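Asks: model this:
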Amino acid sequence: MAVNSQVALPPFQRVLDEVWHDVALVTSALAGPEDAAAVADRAWEQALATYSEAPDPRHLRAWVLEMATRMALEHHRARQRELRRSGAPAAQGSADAAQERAWSQVRALPERERLALVLHFVGNVSHAEIAAIMGTTVTTARRLISDALRSLRVPA
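Replies: Here you go, the predicted model:
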């Protein structure tokens, strides 16, 4: 992303204070409640390390959520590789059975659909911000969410 040298970035702590809850929601939804804090910490570390290269201050929320999403997806992929190597079944959380079934259906969605769905409904991210985070168009972001919802409505 290009650095916007015309507008000064706010102090990093202000960004953290304004966006931490959204990062926590997105990482919890994508990485699971057990690993959300570690994934969010990695996202914040990356954001702090690259803050001087951040985009226009109007887009800092999307920029941080993009990092959180990438960290959660990296975590998910690493966990899947680890489970395949060990042959162990995925661990069940302490959530009630219905909630766990719903989240397992969300986790089973194709990666891009899952990401768009979680960003929109859990992170309360607009279609335009989703498009920016995912490097796609607003129309495609809307389509990904629609496809994800359609997949979740179909009985398994």
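
Asks: Spatially, and excluding backbone neighbours, which residue is closest to Ala62.
Replies: Glu129 (4.3 Å; Cβ to Cβ, 6 or more residues apart in numbering). Every residue, glycine included, has its C-beta placed from N, CA and C.

Asks: The one you found is in what secondary structure piece?
Replies: helix 127-134 (DSSP states H and E).

Asks: Which positions in that helix come out as buried?
Replies: Within helix 127-134, the residues that count as buried by 16 or more other Cβ atoms under 10 Å are His127, Glu129, Ile130, Ala131, Ala132, Ile133, Met134.

Asks: got a pLDDT number for the fourth one?
Replies: I take that to be Ala131. Listed pLDDT for Ala131 reads 91.

Asks: quick one: contacts for it?
Replies: Thr137, Val138, Thr140, Ala141 (Cβ atoms under 8 Å, 6 or more residues apart in numbering).

Asks: can you pull the contacts of the first one?
Replies: The contact partners of Thr137, by Cβ under 8 Å, 6+ apart, come to Ala131.
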